[in-house]
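*Asks:* predicted model, plus sequence, below.
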Amino acid sequence: MKIIDGKKVSNEVLDEIKLAVQNRKKLNLKIPHLAAVLVGDDGPSQTYVNSKIRACERVGFESSLFQFDKSITEYELISEIEKINVNDDIDGFIVQLPLPKGINQENILNKVLPKKDVDGFNPINYGKMALGIETFLPATPAGIIELIKRYSIDLKGKKCLVIGRSQIVGRPISILLSQNKIFGNATVTVAHSRSNNLKEICLDSDMIISAIGIPEFIKKDMIKPGSIIIDVGICRVKDDNSLKGYRIVGDVDFESVYDKVSLITPVPGGVGPMTISMLLKNTLRASSLND
Ligand code: NAD
């Protein structure tokens, strides 16, 4: 079977978290509590936050949503974040990105208390991640690593190409896979929008992790036979046959590459579902660090 089934693995992780919550209840320990800060009325952000809250219900976590109008100032938002920082009932929280124009994302993420920063975007946790010190790993890279572990993929000495250098996916996963860790030790190349000869670099890679957001950009003639493909991209393409009028595809032309790869994550059902389960895993950890 060539498919790396992120939906299945994510369900396994969620079941493990649910069991851990039940055990905490038996021991009279605190029920983990995840909060989400949502600013403005961006549709996809609302959908992502709702699915995080639903996942909390599924595993037995408590959850809260702090929703603010897009007119909130940076100063006011910081003061709301400071209130959450000192709210002992909340173990971890996320600030749903992107934030509206006029609010400096960096300033906001800087204010999230590191021990509650279950997204791993505060510079302290991000720095620890880069140094290989145990911390909250950003959820999407953590999800990719969980898939690598659960599918026993040995990347030691393998050529791994990460396409995309965003702070939430490309950069952290490139750092993590090059580290001397059981899931790492790969020879990592990072490509981005200014890279030359991308096809050549792809053809020389044992694994490609694509996080660019261009629908079906990676074609069959760009990949080496037997390579492993991790497709992070989530792109909407017009589809008149679908009730919604669109369908979701990844960065990789799944149909055309399928015969050539040894393993591949589908979109949807690959990396996507892992992101939420790893966020919840970070929250469970945040809660147990308070025991
Ligand atoms: P981004 O949107 O911030 O940036 C895109 C990156 O792609 C940039 O680093 C850019 O240099 C690179 N890029 C653009 N065009 C390129 C080209 N022609 N050749 C090579 N590189 C190119 O990145 P992001 O926030 O990591 O998002 C990337 C994709 O991953 C999006 O589709 C997003 O929706 C998806 N995503 C999925 C999850 C998940 O849970 N599965 C999580 C985060 C992001």
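*Replies:* Structure's in. What do you need?

*Asks:* close enough to count as contact, residue 29 and residue 291?
*Replies:* Yes. Between residue 29 and residue 291 there is a contact at 5.8 Å, judged by C-beta atoms under 8 Å. Every residue, glycine included, has its C-beta placed from N, CA and C.

*Asks:* so between these two, which is more surrounded?
*Replies:* Shown here are residue 29 and residue 291; by other C-beta atoms under 10 Å, residue 29 has more neighbours (15 against 8).

*Asks:* any idea what residue 263 is bridged to?
*Replies:* Judged by DSSP bridges, the bridge partners of residue 263 are residue 228.

*Asks:* measure residue 96 to residue 46 for me?
*Replies:* Counting by C-beta to C-beta, to the nearest Å, the gap from residue 96 to residue 46 is 9 Å.

*Asks:* buried stuff in stretch 128-138?
*Replies:* Neighbour counts using 16 or more other C-beta atoms under 10 Å place 128, 129, 135, 136, 137, 138 of stretch 128-138 among the buried residues.

*Asks:* need the phi and psi values for the most centrally placed residue in the chain.
*Replies:* Residue closest to the average C-alpha location in the chain (C-alpha atoms, centre = their mean): residue 140, at 1.6 Å. Main-chain dihedrals, residue 140, degrees, to the nearest 10: phi -70, psi -50.

*Asks:* distance of it from residue 84?
*Replies:* Per C-beta to C-beta, residue 140 is found 23 Å from residue 84.

*Asks:* likewise residue 213?
*Replies:* In terms of C-beta to C-beta, residue 213 sits 30 Å off from residue 84.

*Asks:* ok, residue 91 - contacts?
*Replies:* 30, 32, 33, 34, 116, 118, 283, 286, 287, 290 (C-beta atoms under 8 Å, 6 or more residues apart in numbering).

*Asks:* a strand runs through the fourth one, doesn't it?
*Replies:* Yes. Note on residue 34: a strand contains this position according to DSSP: H, G, I helix; E, B strand; the rest coil.

*Asks:* how many residues are close by it?
*Replies:* 27.

*Asks:* just list the residues touching the nearest residue to it once chain neighbours are set aside, thanks.
*Replies:* Closest residue in space to residue 34, ignoring its immediate chain neighbours: residue 283 at 4.5 Å, by C-beta to C-beta, 6 or more residues apart in numbering. Each residue near residue 283 by C-beta under 8 Å, 6+ apart is listed here: 32, 33, 34, 61, 91, 92, 118.

*Asks:* sec struct for residue 283, please.
*Replies:* At residue 283, secondary structure determined by three-state DSSP is helix.

*Asks:* go on, residue 185?
*Replies:* Three-state assignment for residue 185 (three-state DSSP): coil.

*Asks:* just to check, it is in contact with residue 159?
*Replies:* No. Using C-beta under 8 Å, residue 185 is not in contact with residue 159; the gap is 11.9 Å.
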